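S.K.: Show me the folded form of this:
(one chain, ligands or ions: 2)
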Amino acid sequence: MAPPTNEAEAQLSELAAFKRTSPLYTPEEATIIFVLGGPGSGKGTQCAKIVEDYGFKHLSAGDLLREEQDRPGSQFGDMIRDYIREGNIVPMEVTIQLLENSITAAKEKEGKTQFLIDGFPRKMDQALKFEEVVCPSKFTLFFDCPEEVMEERLLDRGKTSGRSDDNIESIKKRFKTFVETSMPVVEMFEKQGRVVKLSATPPPDKVYEQVKVEFGKHEIALPKRTE
Ligand SMILES: Nc1ncnc2c1ncn2[C@@H]1O[C@H](COP(=O)(O)OP(=O)(O)OP(=O)(O)O)[C@@H](O)[C@H]1O
Ligand SMILES: O=c1ccn([C@@H]2O[C@H](COP(=O)(O)O)[C@@H](O)[C@H]2O)c(=O)[nH]1
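M.R.: Numbering: from 1, shown residues only. Ligands and ions are numbered 1, 2, ... in the order given. Take a look at the predicted model:
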């Protein structure tokens with residue numbers, strides 16, 4: 001077990017986003033789509049397709065946390081490693097600050113205005129705080145998938161992914177966290193009429209066809225090709 005967890009956790013309230021009381025960006029300045037679904041439901045696979053066609057910036061909360069975990073000198077590295085291995089949700093301050101930094105960088109350096117936030121928010125406090133201090137979301141794309149399908153996909157991915165949590169023990173913990181901690185977030189957004197729910201069981205191209213239909217309904221247009 002990594003020792004500096006408490007020390008790292010004690011630093012969290014010092015992060016810049018948490019000193020604000022209103023969102024950094026308006027929905028006109030940044031179109032935010034949250035992408036949720038159980039572990040292995042195919043969020044990353046669909047995000048890659050959306051990026052190719054629609055030009056969104058894809059920000060995976062899990063990838064950002066893994067990068068921070070491996071960044072030399074990170075004060076949060078050991079803490080993140082423990083949370084991920086146990087399938088738990090890293091304290092929201094870290095994840096929100098990483099997402100905010102990436103959104104700002106993509107806006108300033110790449111001129112991006114549309115963002116897919118993949119695998120986030122996974123816990124109620126993250127959902128509320130992100131919309132309060134970073135930007136309100138447009139809607140949540142939710143990929144619905146049975147556990148047995150997700151388990152088979154993750155075990156298969158685990159043969160080559162090198163991920164510390166693509167093993168049966170961590171997968172079971174991640175499913176539990178998803179049901180107990182993340183589904184209430186989806187249910188809250190659903191009550192607000194802000195969820196687009198799709199079946200993630202068909203093959204990737206079939207799932208993507210549903211995504212495109214829903215994007216059309218929500219007036220998310222394909223960029224005009226110049227050539
Ligand atoms: N519709 C699908 N049908 C079959 N296999 C799929 C489908 N979508 C994704 N996969 C495969 O399942 C595995 C998990 O997909 P992916 O990484 O996109 O899921 P994820 O929801 O982003 O997972 P995680 O939350 O664990 O990061 C990958 O190996 C991927 O190739
Ligand atoms: O908002 C988040 C998102 C992710 N985590 C942790 O990362 C792992 C892996 O996430 P993937 O989306 O499957 O790549 C997840 O199990 C959590 O431990 C998080 O803490 N907060």
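S.K.: Which helix or which strand is home to residue 97?
M.R.: Assigned by DSSP states H and E, residue 97 belongs to helix 92-110.
S.K.: right, is that helix up against ligand 2?
M.R.: Yes - if you take C-beta under 6 Å from any ligand atom as the test, helix 92-110 does meet ligand 2, through residue 95. All C-beta atoms are positioned from the backbone trio N, CA, C, and that covers glycine.
S.K.: what packs against that helix?
M.R.: Applying 3 or more C-beta pairs under 8 Å, 6 or more residues apart in numbering; DSSP states H and E, one finds that helix 92-110 makes contact with strand 57-60, helix 61-70, strand 114-118, helix 124-133.
S.K.: In the helix or strand residue 152 falls within, which residues are buried?
M.R.: Using DSSP H and E, the element containing residue 152 is helix 147-161. Within helix 147-161, the residues scored as buried using 16 or more other C-beta atoms under 10 Å are 147, 150-151, 153-154, 158.
S.K.: now stretch 75-89
M.R.: 76-81, 83-84, 87-89.
S.K.: Present those as JSON lines; the columns should include distance to residue 120 and pLDDT.
M.R.: JSON lines is the format used below for these (distance: C-beta to C-beta, whole Å; pLDDT from 0 to 100):
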{"residue": "76", "distance to residue 120": "16", "pLDDT": "94"}
{"residue": "77", "distance to residue 120": "19", "pLDDT": "95"}
{"residue": "78", "distance to residue 120": "21", "pLDDT": "95"}
{"residue": "79", "distance to residue 120": "18", "pLDDT": "95"}
{"residue": "80", "distance to residue 120": "14", "pLDDT": "96"}
{"residue": "81", "distance to residue 120": "19", "pLDDT": "96"}
{"residue": "83", "distance to residue 120": "14", "pLDDT": "95"}
{"residue": "84", "distance to residue 120": "14", "pLDDT": "95"}
{"residue": "87", "distance to residue 120": "15", "pLDDT": "91"}
{"residue": "88", "distance to residue 120": "14", "pLDDT": "94"}
{"residue": "89", "distance to residue 120": "10", "pLDDT": "96"}
